[in-house]
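Engineer: I'd like to go over a predicted model; first the sequence, then the structure.
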Amino acid sequence: MYGIEAINANNGWAISVVGISIVFSGLVSLSLVISQLHKVLALYENPSKIKALFQGKKEEKKLEEDTEEVIDIVLTQSQKETFKQFALLVRTMEDHFSLPRLLHLAKISGLKDPYSNLNTLLKIKIIAPDSDGFFTWNKNRFDKAVN
Amino acid sequence: MYGIEAINANNGWAISVVGISIVFSGLVSLSLVISQLHKVLALYENPSKIKALFQGKKEEKKLEEDTEEVIDIVLTQSQKETFKQFALLVRTMEDHFSLPRLLHLAKISGLKDPYSNLNTLLKIKIIAPDSDGFFTWNKNRFDKAVN
Amino acid sequence: MYGIEAINANNGWAISVVGISIVFSGLVSLSLVISQLHKVLALYENPSKIKALFQGKKEEKKLEEDTEEVIDIVLTQSQKETFKQFALLVRTMEDHFSLPRLLHLAKISGLKDPYSNLNTLLKIKIIAPDSDGFFTWNKNRFDKAVN
Amino acid sequence: MDALFIEFFHNTGFYLWDYRNIIMILIGTVFIYLGIAKDYEPLLLVPIGFGMLIGNIPIFKGLGLGIYESNSVLHYLYFGVTQGIYPPLVFLGIGAMTDFSTLLARPVLMLLGAAAQAGIFITFLGALALGFEPNEASSIGIIGGADGPTAIFLTAKLAPQLIGPIAVAAYSYMALVPVIQPPIMRLLTTRKERLIRMEEPREVSKREKMVFPIVAFILCCFLAPAALPLLGMLCFGNVLKEAIVTERLAQTARTSLIDIATILLGVTVGASTQGDVFLTPASVKIFVLGAVSFGIATASGLIFAKIMNLFLKTKINPLLGAAGVSAVPDSARVVHVVGQEEDPTNFLLMHAMAPNVSGVIGSAIAAGVLWSLMA
Amino acid sequence: MDALFIEFFHNTGFYLWDYRNIIMILIGTVFIYLGIAKDYEPLLLVPIGFGMLIGNIPIFKGLGLGIYESNSVLHYLYFGVTQGIYPPLVFLGIGAMTDFSTLLARPVLMLLGAAAQAGIFITFLGALALGFEPNEASSIGIIGGADGPTAIFLTAKLAPQLIGPIAVAAYSYMALVPVIQPPIMRLLTTRKERLIRMEEPREVSKREKMVFPIVAFILCCFLAPAALPLLGMLCFGNVLKEAIVTERLAQTARTSLIDIATILLGVTVGASTQGDVFLTPASVKIFVLGAVSFGIATASGLIFAKIMNLFLKTKINPLLGAAGVSAVPDSARVVHVVGQEEDPTNFLLMHAMAPNVSGVIGSAIAAGVLWSLMA
Amino acid sequence: MDALFIEFFHNTGFYLWDYRNIIMILIGTVFIYLGIAKDYEPLLLVPIGFGMLIGNIPIFKGLGLGIYESNSVLHYLYFGVTQGIYPPLVFLGIGAMTDFSTLLARPVLMLLGAAAQAGIFITFLGALALGFEPNEASSIGIIGGADGPTAIFLTAKLAPQLIGPIAVAAYSYMALVPVIQPPIMRLLTTRKERLIRMEEPREVSKREKMVFPIVAFILCCFLAPAALPLLGMLCFGNVLKEAIVTERLAQTARTSLIDIATILLGVTVGASTQGDVFLTPASVKIFVLGAVSFGIATASGLIFAKIMNLFLKTKINPLLGAAGVSAVPDSARVVHVVGQEEDPTNFLLMHAMAPNVSGVIGSAIAAGVLWSLMA
Ligand code: NA
Ligand code: NA
Ligand code: NA
């Protein structure tokens, strides 16, 4: 069977109309929802922004304090290599990161001797604890130590 | 059944002769074809070479023009990071590359905010359109901007 | 069936006791074995250490010799790129490494034109044969060549 | 021994070959050439093209070499196509590499992605008119979705015997988008329209991007449950991408996983085009209908954009309508290029991505609808 | 046409939905939220959470959409769960990323990893008491092993119908370790104990690390052959890691391979929690028992550590006992945090890794024992 | 309870063990040692070696632990070996990492790759003479191809029951190439011959490299269609590599994909060597024949090279003939080392790669021929 006849026989018109309408109703409703989405989320977002700002300030202060001190430890080339990798990992985390999470990432990324190296990083205060149980990365001391 | 007897019984001699001859005919014919291959391709290749040469010249000119201007935009560290990654991507493409392709690669390689960053690259003319619909990377301005 | 009754009916107590005892015997015996392990291995390890020391000395001498010479070959940027990658590969190998293995790694890691590049590295003596069939990487000359 | 030589010779391609194998081998070579030299969808044309070579080496049955022999390696790898397993995995990877920002910034552009799907249903009618069964007609219509994995998935479910021609048609036309679309775009739009500039999209927050795939998935799949396998994986991949903390999974999904799926899908789909089963009148009809459906899809997108402009305060550039056919990202790229012919400083690409990606969602929904109505 | 519209509407989620689907969709969203916002085991909670959404879109049977329909894509991917194939692959990757140094440095800490497994068997008794069949009780008990892949593997072998609830319970509590453990730890230890400092572990030689997985594998599997699939792959992965020369294989095992297995395992396990099969009284009991078993496991570890201190010259910090439940690396991290509450300069993390990883071996052995006693 | 303890004890390896398990465990350990300490083909010896440990833990039947039990995890993973699926995937990766430049620069060296395959057929005769069936004899002969995946593929198709011994023999001798070949090479060549220097190969154009795999594939598979699965994937991988635009696919093929295939192939092949099925007189014969075939292959390559020199104007270094056995890249490396014994400044490695890679093609063709003649 061919032509219009075949279309009618197979209920083609109805199927096409239903089909395209479903597609439209899907994308139209989705676009409506999206268009409202950011308004809904807007309120929810502000606090975090403020907090971020606040943390930013705290950190600056910390940096200033450090600049005085000196690092009295000699690092092997391979240690420096590993520290650089740690630095990269930290970049992927929040400013105030959890040490175990960093260790976890370090192990996943196959850094060598994550434990002892992390320990050193703590000893020479490149990684320093903050007030609320997390840790921060002291870029300042890191640059001094590595270069 | 063992020994020569077994070989004869299983038509071993014939199989071996046929086998090794097929192997030889395969590799011999292949080596013959290959030995002619580059001659066939030789002709086909020249035009492209010439074109490449030609393009090379065009680009130099463009570079000179730019060196005058200055870049009056401040880039965040993360932008610089991303631009460096874009530079790497561009290195993998022809001198005159297609912008959408670059964007595609950028997204595939998971660069952050490919759109806005690409836009910036265009705004500060690190990526500049050429005469025939493609784009070129202005290393010169790129170095200025990033360092 | 519920409660103690169900536990008895299913021989629960025995299973639990057997279970936990197996777990313990497994980990206890393992910890005993481990605690002895390093003593067993201790003897086996010394020779290698000495050897390493010995090799270390040899290499220094070689370095000194080289520092006089100059590298009279111009490298393309892409060659330098590739050489740096070779350097990384070598870092993953013993001080005295086998050339074919390096080539193998180079190919696996998809470095471009491993053969010709390796050849160049040999020609400009960044990779030099040692007395016993292996090769060493001359960091000294490498730095000169690449920078 | 001569006997053995002759027997062996009778098993070689030099004896077994058939003109249709040669034709397909030539087509395969053309595919590889287009992919490499013209950079048309190389990631798909090259595997499919080489697959055509593999599938058209003249072989003797019984040994288990051919893709249609149940114990052949190719048959095992083809399983992922016939059961529709590869397409969702590909969608997982696509989700993990797609950035929905532009869509979120101007949701109205999604309508263009819907409009372009008209091509699917009009082609469906055309296929019926040419005498195809409804299930076959649906699979042929979906070619107009300009979305390879979707087309393969639906065909695997509705008309497995057509996988070869439909997949090849879909990918050929997706590759030829830069050739097919521009004339239609110039024909249906005025210079003035093509010059319209889109305003900068607003900045989209990380959290919006994070919530979108979840909302989109629930909404679309409540409406068209049969779109589940494709949209589910697409949105799942996007969740992995936007949720930073799962970056390593997103990374694998958008590299190894999608690459492996693409390689196996491409080479087996190509190998399924054995001359004797592929070179049929049906295939010819399918290619004709495929071309038509791409044309209609493009046209519907453009026209709908012009209609929208009658109602919108800030007009949109109707060229964007052509990006609604998906064929990500080629049709968006075409929109950009055609736009720049008129005004080289008009950067339409990022705006075209919005209808482009919604076209993907649109054709997945369409596939779901057709599947549920046919099954 | 109206007829068709109505027919289609009857196939949409808006018509088919059931309150249990909605509940599960909410739970799934919570899982995703916890994974992303609270960073609780995101690599598992996010895939499982999204899988719950996928599994609870209301669908009509017969088309092959549901994970329990034999020809659905989800069903094929779920095969790796029901046959226990994914867990060993995950263990291969874990082995390729685990550093056993701390364990080798102070083997005695392995006992803590053994003690914590008491939770498994006590929960097993509890499950029997609540009327579960022995095979079900074993699968429920293993939740106390705090090791997702192990739990899924054993359940797939002993009580496949419980995979959903048991996997979800196991991963939920693993994610909630930072919430569940600290109070118990504070309750069962004195401040003085929590202040104990561990001495620096000795340096461990490369060769020791190399030999360990081989010795550990042979020893443990001679004792509990049924632990073979899990321990075999775990140790194999570790051999690949320590044997430098096979680094490229270890690299793939700890990236693409484990990621692919994790994605597919997570999303299918999530999808297996269809409201109608998941929201049952049994599931409730399982969750209660799961919570109990985590508590008992933690307690047993702590108490055993205190007992050990009666005999050891250099005391160990009893908090380490809590790390014996595995849930790598979260429980080790909890130990570290709780320790630092008392003395911020006391770095327990690396020491806690020893009982932590031996807890993995311990629960794998326990699973082997239970499997062989039940089958 | 005592009863239970005893029952359990009867299920432990300490009760079930058999001297053959111990022997195999020792052999496995030696494999691992050779791979790590001597760097002999570590990527294969280590997985196979550890697989031997896994396969020879004494287990009780019925639970589904052993690789030969239909519902065991190992059995599912072994499926890729028995159906010959892994080898083509490995070849895909090899193709994506192989650089055919040297071959293209001096095609005549391909003949050496052909000559070395004589080892296959002479060993085939030897195997027949020792009383093996023709299909078994073919699988044994292919050991002389010095190509693991090819050997496993052919054996899976012709004599599955011999996969274990043949795979182990093939890989052992490939690993021992540095031990087996040098004496033969010194014996059959004069110092003067070993001193011959090869002239720098000409520069090969990108386009040549691009066309080669396509031409090679069509030509070889028309001649020996049964080589399709192996050569098809090898050439496909090489196309992906040379066609820049598909680099991401080539990258995945040469990393994740081949690594995953190698891991699973290695560990399951190793696990298939259960003492009771492996330690048989047949295995001993196979190992003897394997050693012989490696010797013959090496010799044929060398001698053929000397014969070629009678006709060539610019002589080639006959040592290159030994690289024809493939065993990429070890035999090429051996050629290089032996050459340097005479003249440390003679860099033969890159020249040896030509016969080396053509040896791979050669043995794939040989496998195809044998398969089609036996099936
Ligand atoms: Na579409
Ligand atoms: Na545990
Ligand atoms: Na060979």
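Structural biologist: Sure thing, it's come through. Ligands and ions are numbered 1, 2, ... in the order given.

Engineer: what's the span of stretch D:215-231 from first residue to last?
Structural biologist: Stretch D:215-231 has an end-to-end distance of 12 Å (criterion: Cα to Cα, to the nearest Å).

Engineer: Go through it and flag the buried ones.
Structural biologist: For stretch D:215-231, a neighbour-count test (16 or more other Cβ atoms under 10 Å in any protein chain shown) marks D:216-231 as buried. All C-beta atoms are positioned from the backbone trio N, CA, C, and that covers glycine.

Engineer: Briefly note if it comes near ligand 1.
Structural biologist: No. Using Cβ under 5 Å from the ion, stretch D:215-231 stays clear of ligand 1, coming no nearer than 11.3 Å.

Engineer: I'd assumed residue D:185 was in a strand, is it?
Structural biologist: No. Looking at residue D:185 with DSSP: H, G, I helix; E, B strand; the rest coil, it is helix, so not inside a strand.

Engineer: any idea of the pLDDT on it?
Structural biologist: As predicted, residue D:185 sits at a pLDDT of 92.

Engineer: give me the low-pLDDT residue ranges for the chain?
Structural biologist: All of this refers to chain A. Judged by pLDDT under 70, chain A has its weakly predicted residues at A:43-74, A:92, A:108-110, A:131-133.

Engineer: other chain: chain D
Structural biologist: For chain D, applying pLDDT under 70 flags the ranges D:1.

Engineer: Tell me where chain A has helices.
Structural biologist: Secondary structure of chain A by DSSP state H: the helices cover A:3-9, A:12-68, A:77-91, A:99-108, A:114-123, A:139-146.

Engineer: Among these, which comes closest to ligand 2?
Structural biologist: helix A:99-108 (17.2 Å; Cβ to the ion).

Engineer: Report the inter-axis angle for that closest one versus helix A:114-123.
Structural biologist: Using axes from the mean of the first three to the mean of the last three Cα atoms, to 10 degrees, one finds that helix A:99-108 and helix A:114-123 are set 140 degrees apart in direction.

Engineer: what packs against helix A:99-108?
Structural biologist: Under the contact criterion of 3 or more Cβ pairs under 8 Å, 6 or more residues apart in numbering or on different chains; DSSP states H and E, helix A:99-108 touches helix A:77-91, helix A:114-123, helix E:330-342, helix E:349-374.

Engineer: And the contacts of that helix?
Structural biologist: A:85-86, A:89-90, A:92-93, A:114-115, A:117-118, A:127, A:134-135, D:248, E:39, E:97-99, E:254, E:329-330, E:332-333, E:336-337, E:349 (Cβ atoms under 8 Å, 6 or more residues apart in numbering or on different chains).

Engineer: now do stretch D:263-272
Structural biologist: For stretch D:263-272, the external contacting residues (Cβ under 8 Å, 6+ apart) are D:28, D:31, D:43-44, D:46-55, D:67-68, D:74, D:77-78, D:80-81, D:86-87, D:90, D:149, D:152, D:163-164, D:167-168, D:278, F:92, F:236, F:240, F:249, F:252-253, F:257.

Engineer: Can I have the buried ones of the residues you listed as a ChimeraX selection?
Structural biologist: In ChimeraX syntax, the buried subset of the contacts of stretch D:263-272 is picked out as below (16+ other Cβ under 10 Å):
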select /D:28,31,43,44,46,47,48,49,50,51,52,53,54,55,67,74,77,78,80,81,86,87,90,149,152,163,164,167,168,278 /F:92,236,240,249,252,253,257
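
Engineer: Out of the contacts of stretch D:263-272, name the ones that lie in helices.
Structural biologist: Per DSSP H, the contacts of stretch D:263-272 map to helices at D:28, D:31, D:43-44, D:46-55, D:74, D:77-78, D:80-81, D:86-87, D:90, D:149, D:152, D:163-164, D:167-168, D:278, F:92, F:236, F:240, F:249, F:252.

Engineer: For the stretch 201-350 of chain D, list the residues in contact with chain A, please.
Structural biologist: When proximity is defined as Cβ under 8 Å from any Cβ of the partner chain, the stretch 201-350 of chain D approaches chain A at D:204-205, D:207-208, D:211-212, D:215-216, D:219-220, D:223-224, D:247-248.

Engineer: Generate JSON lines for those, with distance to chain F and secondary structure as supplementary columns.
Structural biologist: Shown next, in JSON lines, are those (distance: Cβ to the nearest Cβ, whole Å; DSSP: H, G, I helix; E, B strand; the rest coil):
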{"residue": "D:204", "distance to chain F": "27", "secondary structure": "coil"}
{"residue": "D:205", "distance to chain F": "30", "secondary structure": "coil"}
{"residue": "D:207", "distance to chain F": "31", "secondary structure": "helix"}
{"residue": "D:208", "distance to chain F": "29", "secondary structure": "helix"}
{"residue": "D:211", "distance to chain F": "30", "secondary structure": "helix"}
{"residue": "D:212", "distance to chain F": "26", "secondary structure": "helix"}
{"residue": "D:215", "distance to chain F": "31", "secondary structure": "helix"}
{"residue": "D:216", "distance to chain F": "27", "secondary structure": "helix"}
{"residue": "D:219", "distance to chain F": "33", "secondary structure": "helix"}
{"residue": "D:220", "distance to chain F": "29", "secondary structure": "helix"}
{"residue": "D:223", "distance to chain F": "35", "secondary structure": "helix"}
{"residue": "D:224", "distance to chain F": "32", "secondary structure": "coil"}
{"residue": "D:247", "distance to chain F": "17", "secondary structure": "helix"}
{"residue": "D:248", "distance to chain F": "14", "secondary structure": "helix"}
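
Engineer: residues in contact with residue A:86?
Structural biologist: Per Cβ under 8 Å, 6+ apart, neighbours of residue A:86: A:102, A:106, A:111, A:117-118, A:121.

Engineer: How about residue D:335?
Structural biologist: Residue D:335 neighbours (Cβ under 8 Å, 6+ apart): D:185, D:319-320, D:322-323, D:348-349, D:352.

Engineer: Would you convert those residues into JSON lines that also reports neighbour count and distance to ligand 2?
Structural biologist: JSON lines is the format used below for the contacts of residue D:335 (neighbours: other Cβ atoms under 10 Å in any protein chain shown; distance: Cβ to the ion, whole Å):
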{"residue": "D:185", "neighbour count": "25", "distance to ligand 2": "62"}
{"residue": "D:319", "neighbour count": "30", "distance to ligand 2": "60"}
{"residue": "D:320", "neighbour count": "29", "distance to ligand 2": "56"}
{"residue": "D:322", "neighbour count": "33", "distance to ligand 2": "57"}
{"residue": "D:323", "neighbour count": "38", "distance to ligand 2": "52"}
{"residue": "D:348", "neighbour count": "24", "distance to ligand 2": "56"}
{"residue": "D:349", "neighbour count": "24", "distance to ligand 2": "52"}
{"residue": "D:352", "neighbour count": "30", "distance to ligand 2": "52"}
